[in-house]
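Engineer: sharing a sequence plus its predicted fold:
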Amino acid sequence: MVKFAKELARTRHDAWSEYYLNYKQLKKHLKRSLDSDSISTVLALDNTDITEFQHFLEQEIEKVALFFLKTQGELADELLQLQEVRLAAISSSNPNSIDSCITSYREIGERVCTLVEYICLNVTAVRKILKKHDKNAAEESALTRRFWEMEVNRTDYSHLPQLYRYDGIVAIVATVRGGLGELTREAAGVGNGGYGAVNGLGAEPIVVDYEALLERDPTILKIEKARRQLNQKSEFTKTMAMSSGLFLEDDSSTSASESTPKNRDKMSSLLNLLSTFLYMTNYYIVAPTSGKYAVALGGDASLAGLLIGATPTATLFSTVLYSWWANRSYKSALIFASACSLLGNILYSMALPCGSLWMAMAGRILNGFGGARAINRRYIADATPREERTAASAEFVTAGALGMSAGPALASIFGWTIRDGVGNYWTQMTAPGWIMGLAWTVYIFAAYYYFKEPVRPEAPKVAEMTSLLPTNGVPLAVPQLIPVTVKEKSLWSNVPVMTTLGLYFVLKLVLESLFSSCPSVTHYYFDWTPTESGAYLAILGVLIFPANLYLAKLSYRYDDRDIIWFITLVMLFGLVGMLAYPILPYTIMQYIVFGVAVFIATNVLEGACMSLLSKTIPASYARGTFNSGFLATESGTAGRAVGDMFISYVGSVWGMDWILNGTFGVLLGVTAVSVGLLKSAYPNLVEKKNKKKDEDEDDE
């Protein structure tokens, strides 16, 4: 295996040798820092604490970035001068002048290839030296993602992003391609005047496919090959950006200024977050009292799972509607979803006075149509400036987590403050519907008056497009980078994507079963009241925050697939502990401890799965109705729905004495199978373009 330092020395362009990243010197700085434990000793530069190694790395990146810009400027200046020569040669129709001009364009094309190879080597050097640092440094000193995110946030005076911006290269390649194409056509015309003899009978026009000739031009082929290599290297930035947030959109097609506003509307963003908070609160507020409510309506306590599960079942269908609706309007979709939640809560609370279990079920179904998380995710992706998306993603997760905790907490408060028996309209079981109905009413008015639609990039109008056509209807030639058509494989054959979506289903199945079964299990084994089980669920919801912090810490040190593998085993261990065994008494401490373990494992696993999904989802699934966010939402919602229905099945068919072992025993089996499948899929849980990098990685 060739060491990278030797490969860099062997493949670099000698004339530019002093402008390459000094990889050997960086290794020495790194070794000295590690040996002297000076990696914790920092220098205060630009109000930011950075190590000596990082300071030297930034200086090297600055050198590379400035030389890259300088060389592009020189090539652009030569092409500008060559343009006048080309026009003069074409005007004179002098074959020698045209051939000389073609030679000049080819020489510039060769230099473009050299420049692309230069930047590719330096991008690889940055990636390798950062990985080498993280491999040897302490966990808290891991630098790769932290370094990248810090540099990106300093876009106004950072050099690192310049290594991944290729607008100048694109323009230069377009000019070379356009110049060679025009000169090639002119050379053919000069050689035979565009005519030739056919059977000696005279001159007839010769039809020549100049575009096909240009595609086979050796200089163009070489540039295309270099461009592909450059695109592969630049994927590193996309990976780092995607892993820092929830949103899976591909922004490569438009610039940040075109696709999103420079500043997001604060009130609209707040209302968007409030929507997901209210939905999650509404979703879980009925969990502690659902079994009691089902009995009061003439059903069985085992129907609690169906009451809760009606909401995610409806969300499976509403997500399709809202994913489509979000392509056209956010405001009207949010108001419609909120109105569904309002009506659903009214029906749920009126079910007791009317004595109708089906009315309560209909209310929960309408609550499912109030689940606008697909809209919430898409709004953040479309309406938030790129540099703020990581913060916006964290806000979205926090809002959902607060709602998940607030729902059971409110149910507990109702249990402490409301005494049943006074009437059927205001009880511990109906209060959640009335309170949430009031909250949704206020929200609808606020959204109507204060929510603003974000500015969307508009497609060119027909009149504007036809203005680009000359009178003969043939489109004007626009020089552009050579397109590369890549045929994407079926999503079903994408192992990382299908694995993460499958795990997402399983973890939501486990999480929902834990939450929905809590009132029934704790009442059966410990004689807990809905108030006590609600308090326990509220505390579990708060644990999302340390779980996310723990995931962030793990992500600095380990790959997504390593985190997924370890946390899935923790979830399996937690499910083993949740079961009741004949030879041992089932205690409250056992239920709480292993319940906490399962809860934390599912939430950490969710973050790791979403990170891996963002890196492996095909680009074609970045936008549109059936986008990657839609797939993740549907997978998780399906897991919730199945979990709720399964709990009702166990309680009603197997009996309440099986509500614990019947539920978590099956979940243990499902998780064990998932572990086996995950083990076989583990080697493929990386981007295919990075597999060879992982296998051939050598940072020596």
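Structural biologist: Done, it's in.

Engineer: in stretch 641-660, what's buried?
Structural biologist: 641-648, 650-652, 656, 659-660 (16 or more other Cβ atoms under 10 Å). Yep, even glycine has a C-beta here, placed from its N, CA and C like the rest.

Engineer: buried set for stretch 265-283?
Structural biologist: Neighbour-count burial for stretch 265-283 [16+ other Cβ under 10 Å]: 265, 268-269, 271-283.

Engineer: most widely separated two among these?
Structural biologist: Using Cβ to Cβ, the two most remote members of the buried residues of stretch 265-283 are Asp265 and Tyr283, lying 26.7 Å apart.

Engineer: before we move on, the earlier item: from the buried residues of stretch 265-283, pick the one nearest Thr616.
Structural biologist: Once Cβ to Cβ is applied, the member of the buried residues of stretch 265-283 that ends up nearest Thr616 is Thr276, at 25.4 Å.

Engineer: what about the closest one, distance to Val570?
Structural biologist: According to Cβ to Cβ, to the nearest Å, Thr276 stands 27 Å off from Val570.

Engineer: go on, Ser341?
Structural biologist: Separation of Ser341 from Val570 (Cβ to Cβ) stands at 35 Å.

Engineer: more neighbours: which of those two?
Structural biologist: Between Ser341 and Val570, counted using other Cβ atoms under 10 Å, the more crowded position is Ser341 (29 against 16).

Engineer: so that one is in which element?
Structural biologist: helix 331-354 (DSSP states H and E).

Engineer: what comes up buried for that helix?
Structural biologist: 331, 333-352.

Engineer: over to stretch 574-588?
Structural biologist: Under 16+ other Cβ under 10 Å, the buried positions of stretch 574-588 are 574-575, 578-580.

Engineer: thought Val64 was touching Cys120?
Structural biologist: No: Val64 lies out of contact with Cys120 (Cβ atoms under 8 Å); the separation is 11.5 Å.

Engineer: what about the nearest residue to Ile567 once chain neighbours are set aside, distance to Arg106?
Structural biologist: Distances taken as Cβ to Cβ, 6 or more residues apart in numbering put Leu605 closest to Ile567, at 4.6 Å, once the chain neighbours are dropped. Between Leu605 and Arg106 the computed distance is 54 Å (Cβ to Cβ).

Engineer: export the buried residues of stretch 641-660 to TSV and tack on pLDDT?
Structural biologist: Converted to TSV, the buried residues of stretch 641-660 look like this (pLDDT from 0 to 100):
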residue	pLDDT
Ala641	83
Val642	89
Gly643	85
Asp644	81
Met645	83
Phe646	87
Ile647	83
Ser648	80
Val650	86
Gly651	79
Ser652	79
Met656	80
Ile659	87
Leu660	91
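
Engineer: name the helices or strands packed onto the helix holding Ser341?
Structural biologist: For helix 331-354, the elements it packs on are helix 266-284, helix 290-296, helix 304-325, helix 357-369, helix 373-383, helix 431-450, judged by 3 or more Cβ pairs under 8 Å, 6 or more residues apart in numbering; DSSP states H and E.

Engineer: between these, which gets nearest to Glu512?
Structural biologist: The nearest among the helices and strands packed on helix 331-354, by Cβ to Cβ, is helix 304-325 at 7.5 Å.
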